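sequence first, then the predicted structure, then my questions.
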Amino acid sequence: MQNKLILLLFSSLLFSSQLQAQTKLTNIQWSNSELSSMPKNFIEYNGKLFFAAAGDNYGEELWVSDGTGSGTQQFTDLHPGSGNASPKNLLVFNSELYFIADDGISGQQVFKTNGNPAQIQKLTSFTDKTIPRLTQVGNHLFFTITDNGNLSVWKTDGTRSGTLLVKDKITTYSNVTSYEGSCNGLFLFESYVSDNLMWRSDGTAAGTYPVTAQLDGSGSGFDGFGGGGSFMFSQHILFNNQLYFVGRGHVFGSSLSIGIMKTDGNPNTNVPLATVHEGFISFGSVARLGQKLYFSFFEADQQRLFIWETDGTPAGTVKIYDNKATLYFSPSDLLVQEGKLLFTGPGDNGSGTSLLSYNPQTSQVTHIAQVEANTVKPYNIYGSLDMNTNKLFSLKPGKVVLGLSKPNYLDVRDYVVLDIVNGGSIKAPALTYAKTFYPFNDRFYFPGLATDSGLELWSSNESLDNYGLVKNINQGKTGLYTQEVVSFGDHIIFDATHRESGAGRELWHYNTGPQTTALLADINPGTASSGPHQFVRFRDKLYFIALQQETGRELWATDGTTSGTVLLSDYSRDSRSQSPDLLTNHADQNLYYVIYNDVYRCFLMKTDGTTTTTVKDIGVNKYNSPFTITAINAAGSNLFFTTEGDGTDLWVSNGTDAGTFKLKDFCNIRNMTYSNGNLYFTASREGDCNGKTNLWKSDGTIDGTVPVFGAATEPFANAASLFAYKDALYFVAHTNAAGAELWRTDGTAAGTAMVKDIAPGALSAISKPHFAVWQDKLYFAADDGTYGTELWQTDGTAGNTRLVANIAAGASPAMPQHLTPAGDKLYFNATTPDTGSELWVTDGQTATLAAEMVPGANHSDPTNLLLVNGKLYFMANSADAGRQLWVLSDGKVTGVNDDLLDKNLLVFPNPATTHINYRFETVKREKVEHVSVLDMQGRQYNFGAAAANEGTLYIGNLPQGIYVLVFQIGKERVTRKFVKLHM
């Protein structure tokens, strides 16, 4: 073990410990409480509880627990930095744990682990795709991907070579499938085409096809990703090797007839069991009790709840309950307990909501308890979104956990524990956000709420009379929770909520002259928020969008002073918002943007800062529905924009009504980028919205809007991340032979070529390049298959495309991002196992750590890098204050600190057991003022003020591991890593 630690130390010393001093400038907290870890997606594996949770500065990652606080720890930092890996759909298959997560490199992928954090394998290498679910079918896991209206079905046996495409190019209008499941040895899934189709797959292309047609949804369907409505089936349940669900269509009588359907996934085996309703349903649930299924249906407008029972035959499908109340009540899902069906329905006294019980033996419905005397009717029912409906849980026979919906609040409920046998109820405020109770080691685990710790990991006994916090995973401070940060003259302007100011989310600024932080303008006075956003510099002012009670959401401007922060215009002259959007500075001549009138008609507007002009009423489509502008790009002398309402169309404008017209009809216009006289973009041709996207260019004329390769076939696919450099357009594109690599074009087919095959063979080198131009070179992030995702540079030639530095030793990805030129240095955010995500700097030849706001392996995750008056400002996390504004505080940005301080500081012995010595020798007046020690998790051990420039520190009480000695020497901070061994 000692040898391993020594090797780790040697590896860590490859990084420079010469750090620039950094200063935290703000201490704004938007809340008194801590951040929440919000644990979810629980599963038991190998005797441990695995789940997703957000740790201090780590984002949402995979965690593991033995059920105790000390035994609860982060399993892996899959998405380095404070980005979210968002592990979901955890599933045990062939004795391994599978899950979907985003590693920060190329979007969601399928991963597996055997329970060892060092043995996590990525099975897929997609680029920015969404994988909704994993479904086990026999000896394979199936999953789907939807991209540009095309759905593909995949399967894996748990190996990379065994991860195979089953069938692709299935046309769909959905972003994700609304259901995936296993039935009768088949993979079943839903894809919305002209009607809602249930598909099946046996793992072959020929065996993948639809098994239902001419069916729509009941109105209460939900895809699990925020989508729902009348085009999705609902109440799916597997029963006796059949899939049951609720749909709507002529097979039940008419286009508005809703009924219960079953299928075994094979052709011509669909059986409509019964027509249950005419019209749409607000909410529904399904449960199995013995050898029967029960389907509930709720009509919110009619305040009617009815339940059907089926044994799987048309004759055995009957209605067993129907109640239409005079006053509103709140429905719940169906819960089975001790041979009875529990649900909430109309109150016993004609108002409010009651807990009811149905006994299938006697066919009797019994009132158990009045749970609400009066129930407030919400604006709408979103049962499919888990909103405005009640939730029922059963942890112990005779007791029910009931979550009463709070009208118009998403995922928030008032929980009570009801004793069905003895009567009585107990309120449980800690359960407010609980959506599940996962059984593990004789207790139930759930996200519990406390005012001081936020939403954290809690557990309870089965009676819910003994529950409490397991571990406060995320103890981070709320910090300056800003959406946008920009520089404006001597000011840094941002939006923030400061609990001590008494204002909501408003406009703030940091003045770099007097070095003060203040509320710039309380636009929407009081605790309400104006929510300023879309900051755009135009001429001598900063423009933005903000909400005010009297005027609605409108366009504002500021000159950096409170008195100079003013409403630019209010077209409606009342509190009705015009909802301006897409603020775009066109060569500092005009500021363009979009507004909407009271019937949502869209207008292109412009202002020179004094006069506001309507450029164009964009009009309506053939269905008399307004077109909407979705993107604007200022390109040379032209202003380009896209509209939706009948496909995606490309328009051009010279700032006049007559000079604003449609260039061409497209589908899926993306990546608009101006380069050397042309607007480049990717798009599908009109009428082929689900077809291949191509690289296009436009000079602002109809005839000059053409595909780069004309009628010829492009030698690549999926062009993305378009970026202008020198006289060419650079982009990332994929080929089967080379994977995703860096390409360039001069706008002609002959002038288009791959710059370099960075990752040899079919391996993909680039997903998110984070391009930046500095000192006439193009810098970007790439993975050559050996060193992981690191910092690269190119001048556009293969010979001069090279790795700048292997920042994270070995194959660990440094994932450089937020590349920001600052004088003679390029600063950026990068991640290493030792330092976490911190601020780095390069001179173009190598890279060094510039500042470490959270020493150790935790992350400060610097973003929003800004150069103001020769100093570098940025946002970063800290352990004591959350996310705040920082500055490199040692004067002008010129590079790393004086090497003399670093060379004259000696630390020995290293490794050490009980004591470690330091000696600082200098001919200057600097002295060691303070010494502290940090472990790799950022925990600090203070040794206090230093008595002299040399001394001995007792470290015998420290656990074995790698530590960082932090010396404050004058205004500088110098660090040294050392290894602590067993005594």
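Received the coordinates, thanks. Residues are numbered from 1 along each chain as shown.

only C-alpha atoms for contact and neighbour calcs from this point on.
Fine.

Phe233 is in contact with Leu243, isn't it?
No - here Phe233 lies out of contact with Leu243, judged by Cα atoms under 8 Å, at a distance of 11.7 Å.

what about the two, which has more around it?
Between Phe233 and Leu243, Phe233 has the larger neighbour count (other Cα atoms under 10 Å), namely 28 against 20.

contact partners for the more buried one?
Each residue near Phe233 by Cα atoms under 8 Å, 6 or more residues apart in numbering is listed here: Ser178, Asn196, Asp216, Gly217, Ser218, Ser220, Gly221, Phe222, Phe245, Val246, Gly247.

look up the closest residue to it, ignoring the ones flanking it.
Nearest residue to Phe233, sequence neighbours excluded (Cα to Cα, 6 or more residues apart in numbering): Gly217, at 4.4 Å.

could you check how far the one you found is from Gln303?
21 Å (Cα to Cα, to the nearest Å).

between those two, which one's more packed in?
In this view Gly217 and Gln303 are compared by other Cα under 10 Å, and Gly217 has more residues nearby, 26 against 19.

what sits against that one?
Listed by Cα under 8 Å, 6+ apart, the contact set of Gly217 reads Asn196, Gly229, Ser230, Phe231, Met232, Phe233, Ser234, Val246, Gly247, Arg248.

which PyMOL command selects the buried ones in the residues you listed?
Command for PyMOL, covering only those of those found buried under the criterion 16 or more other Cα atoms under 10 Å:
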select buried, resi 196+229+230+231+232+233+234+246+247+248
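
wait, which of the contacts of Gly217 is closest to Phe716?
Distance to Phe716 across these (Cα to Cα) is lowest for Asn196, with 33.5 Å.

hmm, back to that, tell me the pLDDT at the residue nearest to Phe233?
In this model, Gly217 is scored at 86, pLDDT.

swap in His930?
On the pLDDT scale, His930 is placed at 79.

what's the lengthiest strand in the chain packed up against?
Longest strand of the chain, by residue count under DSSP state E: strand 660-675. With contacts taken as 3 or more Cα pairs under 8 Å, 6 or more residues apart in numbering; DSSP states H and E, strand 660-675 sits against strand 628-635, strand 648-653, strand 678-685, strand 717-725.

in CSV, list the contacts of Gly217 along with pLDDT and distance to Leu872.
Below are those laid out as CSV (pLDDT from 0 to 100; distance: Cα to Cα, whole Å):
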residue, pLDDT, distance to Leu872
Asn196, 61, 54
Gly229, 68, 49
Ser230, 71, 52
Phe231, 77, 52
Met232, 86, 51
Phe233, 91, 54
Ser234, 92, 54
Val246, 96, 59
Gly247, 93, 59
Arg248, 93, 60
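
next step: the contacts of Gly217 restricted to helices.
With helices taken from DSSP state H, there is no overlap with the contacts of Gly217.

now the contacts of Gly217 as JSON lines including distance to Gly207?
Formatted as JSON lines, the contacts of Gly217 follow (distance: Cα to Cα, whole Å):
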{"residue": "Asn196", "distance to Gly207": "19"}
{"residue": "Gly229", "distance to Gly207": "29"}
{"residue": "Ser230", "distance to Gly207": "28"}
{"residue": "Phe231", "distance to Gly207": "25"}
{"residue": "Met232", "distance to Gly207": "23"}
{"residue": "Phe233", "distance to Gly207": "22"}
{"residue": "Ser234", "distance to Gly207": "25"}
{"residue": "Val246", "distance to Gly207": "25"}
{"residue": "Gly247", "distance to Gly207": "24"}
{"residue": "Arg248", "distance to Gly207": "26"}
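
which SS class is the residue nearest to Gly810 when sequence neighbours are not counted?
Excluding its sequence neighbours, the residue lying closest to Gly810 (Cα to Cα, 6+ apart) is Tyr787, at 5.6 Å. State at Tyr787, reduced to three classes by DSSP: H, G, I helix; E, B strand; the rest coil: coil.

what does Tyr787 show for phi and psi?
Taking degrees, to the nearest 10, you get phi -100, psi 0 for the backbone angles of Tyr787.

how near is it to Leu273?
59 Å.

flag the shaky bits of the stretch 851-983 of the chain, pLDDT-wise.
The model of the stretch 851-983 of the chain has pLDDT under 70 over residues 890-903, 922-925, 935-947, 971-973, 982-983.

what about the helices in it?
For the stretch 851-983 of the chain, helices defined by DSSP state H, counting those that start in this stretch occupy the ranges 899-903.

kindly provide the distance from the nearest residue to Gln119 once chain neighbours are set aside to Leu97.
Excluding the flanking residues, the one nearest Gln119 by Cα to Cα, 6+ apart is Thr113, at 5.9 Å. Plainly put, Thr113 is 5 Å away from Leu97 if you go by Cα to Cα.
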